[in-house]
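>>> Following is a predicted model, sequence given first.
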Amino acid sequence: MIITVASFKGGVGKTTTAVHLATYLQTKGDTLLIDGDPNRSASGWAKRGNLPFKVIDERQAAKYVPKFQHIVIDTQARPEKEDLEALVEGCDLLVLPTTPDALSLDALMQTVDALKSLGAERFRILITRIPPKPRRDGDEARDMLTEAGLPVFKGSIRDAVAFQKAALAGVPVNKVSDSRAKIAWRDYQSVGQEVMK
C-alpha cells in the first residue's frame with residue numbers, strides 16, 4: 001500500500017501524520033517512509049531517535065521501494081498542480097491533513113478543487129490538531145466538510161503536546177512518557193485502521 005500525505009499549508013500535522021501512519025503500518029508489514037519535503041522534517045525526526053521503520057530521502061526511493069510492503073510519502077507543502085497529479089497517480093490513498101481553522105480549511109479547499117480538476121477520487125481528509133472541549137472547532141469543520149460531500153476520515157487527531165515531545169525525542173508518540181500520549185496514539189491507530197480497510 002502506498003499512502004501519500006500532502007497539504008497546501010504548513011503546520012497542519014503533515015509530517016506528524018506521515019510518521020504515525022508509518023508507525024501503524026509497520027505493525028502490519030515492513031514500512032518505508034519517503035521524505036519528499038525539502039525541510040526534511042521526517043528525516044530529522046528519525047535522526048534524533050529511533051523510529052520503528054526506515055526513513056529515506058526521495059532520491060533513494062528506487063533502491064528501497066521494492067523491499068517494502070507499505071510506503072508512506074511525506075511531500076513538500078504547497079505542491080504545484082503537476083506535482084499533485086503525479087502524487088495522485090502514484091499512490092493508493094492521498095491523505096490531506098487539515099487543522100479546523102479557517103485558513104487551513106481554505107487551503108484544503110484549494111487542494112480539493114485542484115484534485116477534482118484532475119478527476120482524482122482516491123483522497124481522504126484528516127482533521128488534525130483539534131483543540132479540547134468545550135471548543136467545537138473539530139465538529140464544526142467535520143460538519144462543513146461532510147456537508148460539502150467530501151471524504152473525511154471518521155477518526156481525527158486531537159492536539160497534544162505529546163506530539164512535540166515525540167518529534168524532539170525522535171520517536172513515535174506511543175513511546176513518549178506523557179499522560180496524553182496513549183490518547184494521541186489511539187487517534188492515529190483508529191485512522192490507520194481506516195486506511196487498511
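Looks like it came in fine.
>>> Please state the backbone phi and psi of residue 34?
Taking degrees, to the nearest 10, you get phi -100, psi 120 for the backbone angles of residue 34.
>>> got it, and residue 131?
phi -70, psi 160.
>>> what ranges do the helices span in the protein?
Assigned helices in the chain, in chain order: 14-26, 41-48, 61-64, 81-89, 102-117, 137-147, 161-169, 181-196 (criterion: DSSP state H).
>>> For the first one, what is the distance to the chain centroid?
Spelled out, it's helix 14-26. 6 Å (Cα atoms, centre = their mean, to the nearest Å).
>>> gap between the residue lying closest to residue 196 once chain neighbours are set aside and residue 21?
Spatial nearest neighbour of residue 196, excluding adjacent residues (Cβ to Cβ, 6 or more residues apart in numbering): residue 28 at 6.6 Å. Where C-beta positions appear, they are placed from N, C-alpha and C, glycine not excepted. Separation of residue 28 from residue 21 (Cβ to Cβ, to the nearest Å) stands at 11 Å.
>>> How about residue 127?
Between residue 127 and residue 21 the distance, using Cβ to Cβ, works out to 15 Å.
>>> what about residue 28 and residue 21, which has more around it?
Set side by side, residue 28 and residue 21 show more neighbours around residue 21, with 24 against 13, by other Cβ atoms under 10 Å.
>>> show me the contacts for that one.
3, 5, 72, 95, 188, 191-192, 195 (Cβ atoms under 8 Å, 6 or more residues apart in numbering).
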